[in-house]
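> quick one: sequence plus predicted model below, questions after.
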Amino acid sequence: MSRREDLLSGAEYLASIYGTEKDKVNCSFYFKIGACRHGSKCSRTHNVPTFSQTVLLKNLYRNPIVDPRMADAFNRAGEKNKEEQEYFDDFFEEIFSELNNKYGEIEEMNVCDNIGEHMIGNVYIKFMDETSADKAVADLNANRWFNGEPIYAELSPVTDFREACCRQYELGGCNKGAFCNFMHLKAISPDLRRKLYGSRAPPARGGGRDGGRDGGRRSDFGGGGRGGGDRGYGGGGGGYGGGGGYGGGGGGYGGGGRRRSRSPRR
């Protein structure tokens with residue numbers, strides 16, 4: 001132990017190393033990222049918070065140009081094109097607007113571009129207060145579907161996204177690629193950022209292969225409870241792209257023409 005550690009009591013020392021790599025009990029990755037590649041098999045404890053400003057929606061976003069089952073998924077992750085940027089902006093605006101209007105003001109929302117199973121499509125929503133986050137988790141788990149599948153929401157320990165993000169990715173490239181265990185965040189277009197956040201916009205995050213933070217437009221997030229027959233958020237019929245996800249036969253990105261959004265409904 002260092003001299004400083006010698007001067008601390010046992011409880012103070014444990015508190016000082018909580019969530020760091022020195023902590024042999026609690027998982028530092030889960031504490032920083034809100035997700036761990038070992039999942040329930042991790043040898044360290046994943047402490048799901050009982051209160052937090054941040055909500056994690058697991059694996060919610062499906063990138064239409066990256067199928068993790070395909071051999072080229074690693075190479076394609078982080079690629080950008082106009083159509084995919086528009087698709088992502090549409091998704092982002094719809095999720096942001098619906099949750100902001102229904103549960104409370106959102107401080108920051110981020111979407112992972114990683115393709116590891118524990119991080120792919122993860123959406124993190126940091127509300128202004130813990131009450132809004134708690135209300136969102138309870139309602140989303142009880143009543144909501146997206147893309148024909150139930151939403152899995154939980155409170156997340158992540159409140160500082162600077163610590164959770166991959167520095168190399170933000171500078172333009174990560175040597176671990178899309179399987180990196182730190183967040184590779186997808187960037188929304190500057191126009192959409194100004195529209196959603198106004199003057200209180202959080203720092204722009206994101207990077208990727210071209211190091212850019214540019215793009216296109218908006219999103220789609222219809223309403224309905226669990227078992228609803230409509231498409232979109234809450235729709236049992238397919239959600240984004242209809243008929244079962246991106247590239248599905250019912251439309252959407254790569255499938256019979258892109259559909260426009262409807263107003264959210266319960």
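On my side now, so go ahead. Residues are numbered from 1 along each chain as shown.

> all strands of the stretch 101-250 of the chain, in order?
106-111, 123-127, 145-146, 149-150, 153-156 (DSSP state E, counting those that start in this stretch).

> strand partners of the first one, parallel vs antiparallel please.
The one in question is strand 106-111. Strand 106-111 pairs in its sheet with strand 123-127 (antiparallel), by DSSP bridges.

> low-confidence ranges, this protein, go.
1-25, 66-80, 203, 205-266 (pLDDT under 70).

> pop the domain breakdown of the protein in here.
Domain assignment for the chain by the TED database gives 9-46, 48-200.

> got JSON lines for the ones you listed, with mean neighbour count too?
(C-beta placed from N, C-alpha, C; glycine too.) Conversion of these to JSON lines gives the following (neighbours: other CB atoms under 10 Å):
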{"stretch": "domain 9-46", "mean neighbour count": "15"}
{"stretch": "domain 48-200", "mean neighbour count": "19"}
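
> what pairs with residue 183 across the strands?
Beta-bridge pairing for residue 183 (DSSP bridges): residue 165.

> tell me who's in contact with it.
Residues in contact with residue 183 (CB atoms under 8 Å, 6 or more residues apart in numbering) are 33, 110, 112, 114, 119, 161, 164-166.

> quick one: contacts for residue 156?
Taking CB under 8 Å, 6+ apart, we find residue 156 in contact with 34, 49, 52, 54-56, 124.

> picking up where we left off before, closest one to residue 199 among the strands of the stretch 101-250 of the chain?
When the strands of the stretch 101-250 of the chain are compared by CB to CB, strand 106-111 sits nearest residue 199, at 13.5 Å.

> what are the phi and psi angles of residue 57?
phi -100, psi 110 (degrees, to the nearest 10).

> what's the spacing between it and residue 153?
Relative to residue 153, residue 57 is positioned 5 Å away (CB to CB, to the nearest Å).

> quick one: common contacting residues for these two?
Shared contacts of residue 57 and residue 153 (CB under 8 Å, 6+ apart): residue 140.

> can you list the strands of the stretch 101-250 of the chain in a markdown table and add distance to residue 93?
As requested, those are exported to a markdown table (distance: least, CB to CB, whole Å):
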| stretch | distance to residue 93 |
| --- | --- |
| strand 106-111 | 10 |
| strand 123-127 | 13 |
| strand 145-146 | 15 |
| strand 149-150 | 21 |
| strand 153-156 | 19 |
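
> and of those, who's closest to residue 45?
So among the strands of the stretch 101-250 of the chain, strand 153-156 is nearest, using CB to CB, at 15.4 Å.

> wasn't residue 98 part of a helix?
Yes. With DSSP: H, G, I helix; E, B strand; the rest coil as the criterion, residue 98 is located in a helix.

> how much space between it and residue 150?
Taking CB to CB, one finds residue 98 at 16 Å from residue 150.
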